[in-house]
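> Curious how this folds, go ahead:
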Amino acid sequence: MILGALFILCGFVVVYSYGIYAALIWLLSRLFGRQESPPPLDDAHLPTVSLLIACYNEESVIRQRLLNALELDYPRNKLEIVIGSDGSDDYTADIVRSFEDRGVELLDYAQRRGKAAVLNASMAKLHGQIVVLSDANTFTDPAAVRNLVRWFADPSIGAVCGRLVLTDPATGGNVDSLYWRYETFLKKCESRLGALLGSNGAIYAIRRTLFVPIPDDTIVDDFVIPLLSRLRHGRRIIYDADAIAHEETAPDVAGEFRRRCRIGAGGFQAVGMLWRLLNPLRGWAALAFFSHKILRWLCPFALIGLAILNILMLNRPFYRYVLCAQAAFYVICLIGWLAPGRSLPVRLLRVGAMFVGMNTALLVGFWRWLSDTQRGAWQRTARSSEIVAASDRDQHVGAIET
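Numbers count the residues shown, from 1 in each chain. Next comes the predicted model:
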């Protein structure tokens, strides 16, 4: 009976985390949430903004990123663009300096310390009332910053998360996966309840005065920064689907797996910083943090528990059938992982493969967190535009030689 109860508990953790919670948060958002609309702001009433991009060795994309930032539909006298270079040893800093006459500021940190340390140090040097944080390989729509900052006319809002659209490195087409659309759906529901958890590092904004410095070894800064601010100041976090940014997916499976492992390690690390969110007095935020994050991070252990407990109860016919079903599921996932093409049956098979891969990455991330082998300094993912770096390098080498 004890083994059976544990088996049911493990199964419930998985089913609730990925299925029941989605239905529950949708229902609660319809019953108790509210759909808000920000007021339109003319240029005279727009706040001053600092666009901060922390980067490391991004010579292949930083020129295009700065050109993209300079095309933002925002008054130039109210926008400062700041690049924090975390000890880059390529031509990133040189490329940024070539934009100084266009108002771009470089904060060139000689020693590599990690993104969290760069953000902490850079925040103190910014002047904007609102800080928009983004990445070097992210390209924002012209109206993205304007859409983000309009929400801050409401003093109860402390941070705003934009919408990230994933693109194919080869074609540039939208490749938002089923899982990404599922996560976006959860963000919308949680936002209606005032329970949005963190943001996306590619595009989000926060009031500069509400920024709470984070530990220099923080792994997932975009998750921790808004929530620490919420814990300290009590302001809400809003999701705005109209503030759009585009970013390429990882060019290979290995790159995506490493990214998920890092996020997993950062999630376990963040629990020690954000555990106060589990206080039921924090309302819907406590439910969302427990259901969407804590239980989700426990799913790899629940899946392992299901397999082990199943084997321990093979003396009962029912559990023999269940073990066969589990084995068949993982075989199907393996087929989905290896199957070529993008037909509907293949994409459906890959949903299961993605589920297994994501939980495997969480398990690896847990071990890295436990063994303290995941560093806050990030390893950049290869970009499809690496070829541009060669051109930039040749130009700068020629300039230096001249």
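> quick one: contacts of stretch 355-367?
Stretch 355-367 is contacted from outside by 18, 179, 257, 260-268, 297, 299-301, 303-304, 330, 333, 337, 373-374, using CB atoms under 8 Å, 6 or more residues apart in numbering. For glycine as for every other residue, the C-beta is placed from the backbone atoms N, C-alpha and C.
> By neighbour count, which bits of it are buried? Give me those.
Neighbour-count burial for stretch 355-367, counted by 16 or more other CB atoms under 10 Å, picks out 355-366.
> ok so, going back, return a ChimeraX selection command for the buried portion of the contacts of stretch 355-367.
Selection of buried members from the contacts of stretch 355-367 for ChimeraX, criterion 16+ other CB under 10 Å:
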select :257,260,261,262,263,264,265,266,267,268,297,299,300,303,333,374
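> Show only the entries of the contacts of stretch 355-367 found in helices.
Those of the contacts of stretch 355-367 mapping onto helices are 179, 257, 260-268, 297, 299-301, 303-304, 330, 333, 337, per DSSP state H.
> so how many other residues sit close to residue 351?
14 (other CB atoms under 10 Å).
> again, but for residue 259
When neighbours are defined as other CB under 10 Å, residue 259 has 16 of them.
> That one contacts residue 250, correct?
Yes. Under the criterion of CB atoms under 8 Å, residue 259 makes contact with residue 250 at 6.1 Å.
> Going along the chain, name the helices of the stretch 201-350 of the chain.
Under the criterion DSSP state H, counting those that start in this stretch, the stretch 201-350 of the chain contains helices at 221-233, 253-274, 284-288, 295-312, 317-338, 344-370.
> So which residues of the stretch 101-250 of the chain form strands?
104-109, 130-134, 138-140, 157-167, 203-207, 236-248 (DSSP state E, counting those that start in this stretch).
> Identify the residue nearest residue 34 in space, chain neighbours excluded?
residue 192 (6.2 Å; CB to CB, 6 or more residues apart in numbering).
> go on, residue 138?
Leaving aside its sequence neighbours, residue 138 sits nearest to residue 202 (CB to CB, 6+ apart; 4.2 Å).
> residue contacts, that neighbour?
Contacts here follow CB under 8 Å, 6+ apart; on that basis residue 202 touches 134-135, 138, 162, 164, 245, 247.
> Ok, residue 286 next?
Here residue 286 is in contact with 277-280 (CB under 8 Å, 6+ apart).
> nearest to residue 90, of the residues you listed?
Of all the contacts of residue 286, residue 277 has the smallest distance to residue 90: 38.9 Å, by CB to CB.
> any idea how far residue 269 is from that closest one?
15 Å (CB to CB, to the nearest Å).
> quick one on the thing from earlier: so which of the strands of the stretch 101-250 of the chain comes closest to residue 124?
For those, proximity to residue 124 was assessed by CB to CB; strand 104-109 is nearest, at 10.4 Å.
> Give the pairing partners of the closest one; include direction for each.
Paired neighbours of strand 104-109 in the sheet (DSSP bridges): strand 79-86 (parallel).
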